[in-house]
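Undergrad: Sequence and predicted structure below; questions after.
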Amino acid sequence: MPGEKDAFSYIRAKIDQLLTVMGTQPLRPEELDDDTLIALDPIGIVAEAFEQVITHLNETNHRLDLATGEIRTIFDTLGAAVVVLDLDDRIDDCNRHALEWLFHGAARDQIVGRPANQVCDTADRLVGIRRAADGACHVVSLHGHDVQVVASRIHDESGRHAKTVMLFTDITQQKETERNLQLYAEVFSHIGEGILITDADNRIVATNAAVTRITGYSRDELIGASPRTLKSGLHEPEFYEALWGALRQSGYWQGEILDRTRDGRVLPLLQTISEVRDGEGKLTHYIAVMTDISSIKETQSRLDFLAHHDALTGLPNRLLFGDRLNHVIAHAERDNSTIALLFIDLDRFKNINDSLGHQIGDQLLVEAAQRLRGLVRRSDTLARLGGDEFVVLMEGQATSGAATGLADKMVAAFRQPFVVNGVDLHIGCSVGITLYPDDGLDAVTLLKNADTAMYRAKEAGRDGHVRYSAELSEAARSKVALENALRAAVRDGGFELHYQPIMDIRRGRVIAGEALVRWPKGPAGAHTPDAFIPLAEETRLIVPLGEWILREALASMRGWHAAGLGLDYVSVNISAVQLAQPDFPDRLIALLRESGVPGHQLQIELTENVLMRDIELCAWVLRHLREHGIRVAIDDFGTGYSSLSYLKQLPIDILKIDRSFVRDIPGDANDCAIAAAVIGLARTLGLDAIAEGIETQEQQDHLAQIGCDKVQGYLHARPAPAAAFSAFVSGSRALTSSAA
Amino acid sequence: MQTLDIDIRGQICPSCLLLTLKELNRIGADIRSGEAEIVVLTDDRQATATIPATANRMGFHTDVERQDGAYRIRIFGRT
């Protein structure tokens, strides 16, 4: 058993051991005797202190555990990936996002402690960034995402670089937003429309380059200013009130606004103003988009001008003239004033246009417009209605005298030739005049009647003027009525053919019949060809009518032949319009074939004038017809102008001496001489001559005496329907046979 | 707040530490709850290291300042 001294030594040694653990000095025996030692109870003190140390340690550990868990949770729920690399590029730690993004969703314990290049296919990049580890941001593309990486060093207690923490943030969305913003910024600066943004207090906060280009104000001058800077002062306050009203009500306004540029010009702008509100509906900005529409406005007024003016002469066109006329009539109605309207048509313009070309024609129109412009007063309106038609409107108590005076001046002025491209062009003009209120109370009537009067001037030989009268209108109306009746008759077969015998007086027999068309149910005075053929030609109704006549005549000829009448041919008159049809010869030959009548039993009659109008065409047609045996006679010979040399070249069989030369035979020596000359000419050319309009035996005897033995006229027979003609031919044959 | 002043000038470690620990054991709970604090006055330079180190391990806060050629060590609970 140890002694007391040993026991104290042991206690002192253990106390010193405890004190050393506490980090302090051992007890020195000279300071503390054994009794005091026991009384002080250092073991008890230290033990009790240790209890507190341990309690504190436990609490601290507990808190540390909580904190670690908390940090781990934060670490894992962080919207970024975190990887901690040690200096050997081993994964020291990583969070959940890192496992997903960088380590293909592996478990943490499969990753931690492994070299980065074994567990991550982008390790090279990770390691590169770790080495830099300067806290700077790097943007890398990982699996198609834009990722921002920040690497930071962790130092140990001695300040040495121990680890590197790398924070990966997916900034794809942010980059996308950035790119969009960039795009919007580009649009903002490059768009042609001006964009001006103000804050809720209507102070300008942003403008683009187009605003500067449009208004002339620099960006710096506008920022902070009010949009009122651009005010033109041309709008009433109500305009702006309406604008703000619309903005308040619908958050939107669009319209045209006149603003003023920096250099004082007034500018028409098309503006769209929209409110911008934040998420809570609070007004934050106004955005105004402005388009400079000054050029559109110019184009609009240019288009307006073009729509109302003739492009060639620059004169008002029909549209504008119509407006003007209506306006002036309304005025005249109120003021009881008079208006004169002159309708001017250039004579022979079509000929010049057709023969010299449209360019010359156009130039001539410009010159004509210029000449007219020089004649009218400033207060008169000169317009071109189209083609070669011009019209002058005289306002303010225009009298008939003033109108005819002006028309006289025009006609006189147009007698002077126009010089176009160095060529003298003689045209002349015809003018029709109407007066308001005498000749019409509305624009349409006044124009129509002036047109009618102008046509009357043309019919009266052109180069003059005619004042409208009711009779003119009546004539025009009856012409229209006649045309309608004619059209119906052609359609419904309202015509008949009559035939007049052509006699051979030497042999005393009928050798042929001339077909003459009749319109028995035609309007009064229009039964004979003279009355309706000119209109049929004008309206080209002569083409179907002529075809009907040919078919009918050929059918009659076939009938007579079958009846054994022994006629040489049937003769049919052909109009110039028919002859000019390109398919005329083919149609005629087809009709011939259809009828079964031989070509030499058909004769066509053409007047000299028809023949001479287009000699080349006639020659071609006639030769073509001659190939089929068709005969050709020249009608009314002596009344027109024939070129004898052509006569010789054409395949002609007969010259028909016009009735005007026959009428006064044998009394009139001149007529006798002419008849004799024609007969002589025919004989020289190897042709037959037929005298038309024989009414007396004396006429016939004289003609026979001078060598014409073929005649036609009332002396023998009037034209009669086919059956009567047939009977006449039979009768005359019987007579001839019995006489023989 | 109760302040317990311990004047242990003239004493050296480990006595300084043991005397302070003895008081800490006694009123530690009050100090922790912020109702009391101990201010030790010592002229032993070593005590300015050992007392704060031990008190800190026990979970107390300390600060040390010089006062009239001695050191004033304050031991307290909540900061």
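TA: On my side now, so go ahead.
Undergrad: Wait, a strand at A:Y217?
TA: No - A:Y217 is assigned coil when assessed by DSSP: H, G, I helix; E, B strand; the rest coil, not a strand.
Undergrad: Just give me the neighbour total for residue 37.
TA: I went with chain A, as the question did not name one. Here the number of neighbours of A:L37 (other CB atoms under 10 Å in any protein chain shown) works out to 18. The way it works is simple: take the backbone N, C-alpha and C, and place the C-beta from them, glycine included.
Undergrad: try again with chain B
TA: Each residue near B:E37 was counted by other CB under 10 Å, and the total is 20.
Undergrad: Now it: phi and psi?
TA: Main-chain torsions, B:E37, degrees, to the nearest 10: phi -150, psi 160.
Undergrad: and the nearest residue to it once chain neighbours are set aside, what does it touch?
TA: Spatial nearest neighbour of B:E37, excluding adjacent residues (CB to CB, 6 or more residues apart in numbering or on different chains): B:F76 at 4.1 Å. Residues near B:F76 by CB atoms under 8 Å, 6 or more residues apart in numbering or on different chains: B:31, B:34, B:37-38, B:60-62.
Undergrad: For PyMOL, write the selection for the buried entries among those residues.
TA: The buried residues among the contacts of B:F76 can be selected in PyMOL (16 or more other CB atoms under 10 Å in any protein chain shown) with this line:
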select buried, chain B and resi 31+37+38+60+62
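Undergrad: got the contacts of B:F76 as CSV, with secondary structure and distance to A:A332 columns?
TA: Formatted as CSV, the contacts of B:F76 follow (DSSP: H, G, I helix; E, B strand; the rest coil; distance: CB to CB, whole Å):
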residue, secondary structure, distance to A:A332
B:I31, helix, 120
B:G34, coil, 113
B:E37, strand, 118
B:I38, strand, 123
B:F60, coil, 119
B:H61, strand, 114
B:T62, strand, 118
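Undergrad: and of the contacts of B:F76, the nearest to chain A?
TA: Using CB to the nearest CB, B:F60 is the member of the contacts of B:F76 that sits closest to chain A, with 8.4 Å.
Undergrad: Any idea what the residue nearest to B:E37 is bridged to?
TA: On the basis of DSSP bridges, B:F76 is bridged to B:H61.
Undergrad: OK, contacts around residue 6?
TA: Just going to use chain A. By CB under 8 Å, 6+ apart, the contact list for A:D6 is empty.
Undergrad: The intended chain is chain B.
TA: Shown in contact with B:I6 (CB under 8 Å, 6+ apart): B:19-20, B:23, B:38-41.
Undergrad: what helix or strand is it on?
TA: B:I6 is located in strand B:2-7, with elements delineated by DSSP states H and E.
Undergrad: what does A:H702 give?
TA: Going by DSSP H and E, A:H702 is in helix A:697-705.
Undergrad: One more: A:G461?
TA: Using DSSP H and E, A:G461 falls outside every helix and strand.
Undergrad: What's the local residue count around residue 45?
TA: Assuming you mean chain A. A:I45, neighbours per other CB under 10 Å, totals 23.
Undergrad: sorry, should have said chain B
TA: Neighbours of B:R45 under the rule other CB under 10 Å: 11.
Undergrad: Test my guess that it contacts B:Y71.
TA: Yes - contact criterion CB atoms under 8 Å: B:R45 and B:Y71 qualify, at 7.4 Å.
Undergrad: Please tell me how far the residue nearest to B:E37 sits from B:Q2.
TA: B:F76 sits 11 Å away from B:Q2, going by CB to CB, to the nearest Å.
Undergrad: what distance separates stretch A:615-626 from the middle of the whole chain?
TA: 47 Å (CA atoms, centre = their mean, to the nearest Å).
Undergrad: Now that stretch: average pLDDT?
TA: Across stretch A:615-626, pLDDT averages out at 87.
Undergrad: Contacts for that stretch, please.
TA: A:579-580, A:584-585, A:588-589, A:599, A:604, A:606, A:610-611, A:632, A:643, A:646, A:649-652.
Undergrad: how does it look with 6 Å?
TA: Where contact means CB atoms under 6 Å, 6 or more residues apart in numbering or on different chains, the residues beyond stretch A:615-626 that reach it are A:585, A:611, A:632, A:646, A:650-651.
Undergrad: What of stretch B:7-20?
TA: Residues contacting stretch B:7-20 (CB under 6 Å, 6+ apart): A:19, A:24-25, A:27, A:42, A:45, B:40-44, B:46-47, B:50-51, B:70.
Undergrad: Show the contacting residues for A:Y646.
TA: A:Y646 neighbours (CB under 6 Å, 6+ apart): A:I615.
Undergrad: Surely it is within a helix?
TA: Yes - when classified by three-state DSSP, A:Y646 is found to be part of a helix.
Undergrad: Give me the three-state assignment for B:D63.
TA: Following three-state DSSP, we place B:D63 in the strand state.
Undergrad: what's the neighbour count on it?
TA: 11.
Undergrad: quick one: what helix or strand has the closest residue to chain A within chain B in it?
TA: Ranked by CB to the nearest CB, the top residue of chain B for proximity to chain A is B:G59, at 3.2 Å. Here B:G59, judged by DSSP H and E, is contained in no helix and no strand.
Undergrad: Surely it touches A:T55?
TA: No - contact criterion CB atoms under 6 Å: B:G59 and A:T55 do not qualify, at 7.4 Å.
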